[in-house]
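Enquirer: Just a sequence and a predicted model for now, questions to come.
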Amino acid sequence: MLRSPTRALYLLLALLATAPAGADPAALIPEATAAELPQAALALPAELAATAEIVRGERDGGWEKTLVLRFPTARRSLSTSDGLLEAQAVSNHAAHPRIWSALGSAGQGYSDAMREKTAQRLGLPLPAVAQMSTAADMDKLAIVTRRHGPLIVTVLATAGARSNAQRTGVDSGSHIEGIDDASQGKPAGTINLLALSNIELNDAALARALITVTEGKTAALQDLAVPSSYTPGAQATGTGTDSIIVVSGTAAPRASYTGGHSRIGELLGKAAHAAVIEALGKQNGFYLPGAHTYADPPAMPAKAAGDRRLALLHLNPIPGDIAGNRRRIEAAIREATRHGADWIVTPELAETGYNFVSRIGTHWIAPFPDAWMHRLAAIARDNRLALFIGFAERDRTKDTLHNSVAVIDRDGSILGSYRKQHPVGSAEAWALPGDLGGVFKVDGINVGTLICADAWRPAPAARLAQAGARILISPANWPPAGADGPGEVWEKRSQETRLPLLVANRTGTEPELDFSAGESAVSLNGKRLFSFSAPNGGIFYVDWDGERSFREVRPPTSRKEK
């Protein structure tokens with residue numbers, strides 16, 4: 001029988017996916033399938049008298065990461081999973097979502113086994129260990145400390161709220177404990193909060209702290225405008241599987257009240273609020289308005305009234321270096337923003353590099369939109385940018401893979417993605433062709449998108465023109481490779497459609513291909529208006545009047561490469 005909302009998580013996850021045909025989900029539990037990896041210590045305030053570490057493991061190809069806090073003496077604790085206990089250790093166990101899904105109905109047994117494993121490793125009796133569980137990544141843990149005089153509170157949070165966020169008092173619940181062992185719903189998210197105080201809290205103070213921490217969590221969800229996953233337009237107050245553990249300290253004075261009128265309650269609420277905001281940003285890409293506002297632009301040729309400045313990021317992605325490429329994209333977006341850009345376009349597969357599959361495979365590709373895409377949406381919102389981002393996409397419902405461009409409007413709305421219709425050769429064998437595509441209304445303008453070789457044939461561009469596009473945007477990885485290069489393709493498409501065609505190409509080299517002479521370009525009426533090439537990378541700026549007039553602009557310190 002399930003004993004708490006946290007344990008309800010496992011039943012919910014059991015319904016999301018089943019084990020392979022003929023497989024016994026319980027077979028994932030045996031120790032023989034798991035490997036423990038090196039631990040990582042975390043720093044906590046010395047006054048809390050607690051040590052913290054993340055114990056890393058692997059089970060059937062999926063990660064396991066357990067946050068473990070240990071105390072030199074037993075601490076009175078209150079857990080929404082385990083009730084009141086004298087805890088000598090508390091843990092927050094995270095496992096890859098794939099593990100929970102494969103376990104199915106064995107998920108509860110797995111959770112219990114992990115608690116027992118932690119107790120055994122620490123040499124403690126099982127009742128002395130409190131545990132929460134989650135599918136959120138423990139590497140996206142938030143640790144927030146608040147102080148006032150001798151009072152210290154630290155909250156450690158993991159959080160996910162894009163799939164089963166709920167509004168209490170509005171949304172329905174379908175599970176009845178002890179009656180049904182199955183439920184239908186969206187993939188589970190969870191907000192887990194571990195709160196520690198340096199001063200002693202009596203049982204009433206521990207109980208009241210659950211309310212205060214919950215209020216801090218709910219205030220964070222409200223400030224981030226996290227919506228209910230079930231009721232359109234409703235503000236979420238939490239998820240259906242949230243858990244809290246509050247641990248008393250040992251120092252004087254002893255507190256009997258932890259509500260918002262007390263200083264210790266204030267610290268608990270503020271730490272919980274900040275920790276949830278940080279954790280949801282790391283895990284889901286929820287950010288407070290203004291969190292990603294960039295500095296005012298320096299001197300740059302002024303835009304004419306009504307013009308939009310388009311920045312084509314002529315980048316050099318490194319194949320397989322996802323984290324590095326994302327940093328480079330964000331740095332280039334920031335640079336373009338400081339130079340007055342309104343719309344920003346990356347090359348094709350700017351996130352991954354072109355020949356990435358042979359280096360890192362495709363298993364890592366997350367369903368669109370993932371947390372990084374939501375981070376870009378926050379950047380777009382806070383700086384009034386429209387973004388066109390070349391990336392590798394996994395379809396959330398069909399699990400198919402595509403070479404895509406994400407389109408984000410200036411208010412931070414993720415408008416969707418365009419999927420390349422004509423993947424090319426073995427380097428793109430991982431990607432299925434997209435459909436015919438359509439126009440996106442970006443900044444009030446109908447925009448048609450192509451990707452690289454989609455411009456080789458007349459039909460894709462012609463369909464976008466017929467659908468009402470006023471401009472064509474094309475991320476590309478297209479070197480001038482003789483007859484296989486772009487040649488006059490872009491000029492021809494602009495002549496046939498009578499639409500401007502802007503290409504954000506890439507530069508640099510990969511062992512398989514040399515893109516260093518690649519050109520980004522603006523074409524109109526069958527003519528190349530402007531070209532830009534930079535072997536080491538750069539940003540190509542043009543001002544557009546929204547109709548058929550373009551003007552190239554350059555920062556005062558730049559030199560025209562070509």
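Expert: Nice, I can see it.
Enquirer: Could you check the pLDDT of the residue positioned nearest the centre of the chain?
Expert: Residue closest to the average C-alpha location in the chain (Cα atoms, centre = their mean): A371, at 1.0 Å. A371 carries a pLDDT score of 95 in this model.
Enquirer: hey, where'd the helices end up in the stretch 151-300 of the chain?
Expert: Along the stretch 151-300 of the chain, counting by DSSP state H, counting those that start in this stretch, helices occupy 203-223, 263-284.
Enquirer: Residues contacting the shortest one, please?
Expert: In other words, helix 203-223. Contact partners of helix 203-223, identified using Cβ atoms under 8 Å, 6 or more residues apart in numbering, comprise 76-78, 80, 84, 155, 161, 165, 191, 193, 195, 201, 235-238, 242, 244, 246, 248, 255-260, 264-265, 268-274, 276-277, 280, 288. Every residue, glycine included, has its C-beta placed from N, CA and C.
Enquirer: that older thread, show me the one of the helices of the stretch 151-300 of the chain that comes nearest F440.
Expert: The closest approach between F440 and any of the helices of the stretch 151-300 of the chain, judged by Cβ to Cβ, belongs to helix 263-284 at 23.5 Å.
Enquirer: Can you name every helix or strand that the closest one contacts?
Expert: With contacts defined as 3 or more Cβ pairs under 8 Å, 6 or more residues apart in numbering; DSSP states H and E, helix 263-284 has these neighbours: strand 142-148, strand 151-159, strand 191-197, helix 203-223, helix 371-383.
Enquirer: I'd assumed R75 was in contact with L69.
Expert: No - with contact defined as Cβ atoms under 8 Å, L69 does not count as touching R75 (9.6 Å).
Enquirer: before we move on, the earlier item: dump the residue contacts of the residue nearest to the centre of the chain.
Expert: K282, Q283, N284, G285.
Enquirer: before we move on, back to that, can you redo the helices and strands packed on helix 263-284 as CSV with distance to S531?
Expert: Output for those, formatted as CSV (distance: least, Cβ to Cβ, whole Å):
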stretch, distance to S531
strand 142-148, 46
strand 151-159, 47
strand 191-197, 51
helix 203-223, 46
helix 371-383, 27
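Enquirer: Looking at those, which is nearest to Q108?
Expert: Using Cβ to Cβ, those put strand 191-197 closest to Q108, at 16.7 Å.
Enquirer: what angle separates that closest one from helix 263-284?
Expert: Relative orientation of strand 191-197 versus helix 263-284 (axes from the mean of the first three to the mean of the last three Cα atoms, to 10 degrees): 150 degrees.
Enquirer: Let me see the mean pLDDT of strand 191-197.
Expert: Strand 191-197 shows a mean pLDDT of 98.
Enquirer: list the helices and strands that strand packs on?
Expert: Partner elements for strand 191-197 (3+ Cβ pairs under 8 Å, 6+ apart): strand 62-79, strand 83-95, strand 129-134, strand 151-159, helix 203-223, strand 243-247, helix 263-284.
Enquirer: could I get those as JSON lines with distance to D454?
Expert: Below are these laid out as JSON lines (distance: least, Cβ to Cβ, whole Å):
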{"stretch": "strand 62-79", "distance to D454": "36"}
{"stretch": "strand 83-95", "distance to D454": "40"}
{"stretch": "strand 129-134", "distance to D454": "41"}
{"stretch": "strand 151-159", "distance to D454": "39"}
{"stretch": "helix 203-223", "distance to D454": "41"}
{"stretch": "strand 243-247", "distance to D454": "48"}
{"stretch": "helix 263-284", "distance to D454": "32"}
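Enquirer: Mean pLDDT, mean neighbour count and distance to V442 added to these, as CSV?
Expert: Output for these, formatted as CSV (pLDDT from 0 to 100; neighbours: other Cβ atoms under 10 Å; distance: least, Cβ to Cβ, whole Å):
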stretch, mean pLDDT, mean neighbour count, distance to V442
strand 62-79, 97, 20, 38
strand 83-95, 97, 21, 38
strand 129-134, 96, 28, 37
strand 151-159, 98, 28, 31
helix 203-223, 98, 21, 28
strand 243-247, 98, 27, 41
helix 263-284, 98, 24, 24
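Enquirer: For L513, find the nearest of the ones you listed.
Expert: Judging those by Cβ to Cβ, what sits closest to L513 is strand 62-79, at 33.0 Å.
Enquirer: circling back to that earlier point, want to throw the helices of the stretch 151-300 of the chain into CSV with distance to A386?
Expert: Below are the helices of the stretch 151-300 of the chain laid out as CSV (distance: least, Cβ to Cβ, whole Å):
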stretch, distance to A386
helix 203-223, 25
helix 263-284, 22
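Enquirer: To K140, which of these lies closest?
Expert: K140 lies closest to helix 263-284 among the helices of the stretch 151-300 of the chain, at 3.7 Å (Cβ to Cβ).
Enquirer: Following element in sequence after the closest one, please.
Expert: Next helix or strand after helix 263-284 toward the C-terminus (DSSP states H and E): strand 308-314.
Enquirer: Summarise which helices and strands that following strand is packed against.
Expert: Packing contacts for strand 308-314, counted by 3+ Cβ pairs under 8 Å, 6+ apart, involve helix 322-338, strand 343-345, strand 501-504, strand 538-544.
Enquirer: One more pass at 6 Å, please.
Expert: Counting contacts by 3 or more Cβ pairs under 6 Å, 6 or more residues apart in numbering; DSSP states H and E, strand 308-314 packs against strand 343-345, strand 538-544.
Enquirer: which of those sits most buried?
Expert: Stretch with highest mean neighbour count among the helices and strands packed on strand 308-314: strand 343-345 (a mean of 26; mean count of other Cβ atoms under 10 Å).
Enquirer: Which parts of the stretch 351-500 of the chain are strands?
Expert: 386-394, 401-408, 414-419, 439-442, 445-449, 471-475 (DSSP state E, counting those that start in this stretch).
Enquirer: quick one: contacts of the first one?
Expert: For strand 386-394, the external contacting residues (Cβ atoms under 6 Å, 6 or more residues apart in numbering) are 343-352, 365, 367-368, 376, 380, 401-402, 404-410, 417, 442-443, 473, 475.
Enquirer: which of these count as buried?
Expert: Burial by neighbour count, judged by 16 or more other Cβ atoms under 10 Å, picks out 343-352, 365, 368, 376, 380, 401-402, 404-410, 417, 442-443, 473, 475 from the contacts of strand 386-394.
Enquirer: burial measure for the residue lying closest to A299 once chain neighbours are set aside, as a count.
Expert: Among residues not flanking A299 along the chain, P556 sits closest, at 5.9 Å (Cβ to Cβ, 6 or more residues apart in numbering). Close neighbours of P556, defined as other Cβ atoms under 10 Å, add up to 9.
Enquirer: go on, G437?
Expert: The local packing of G437 (other Cβ under 10 Å) involves 22 other residues.
Enquirer: So it sits against K420, correct?
Expert: No - at 9.3 Å, G437 does not count as touching K420 under the criterion of Cβ atoms under 6 Å.
Enquirer: Could you pull up the contacting residues of the nearest residue to L415 once chain neighbours are set aside?
Expert: Spatial nearest neighbour of L415, chain neighbours left out: V407 (4.5 Å); criterion: Cβ to Cβ, 6+ apart. When contacts are counted by Cβ under 6 Å, 6+ apart, V407 touches F388, L415, F440.
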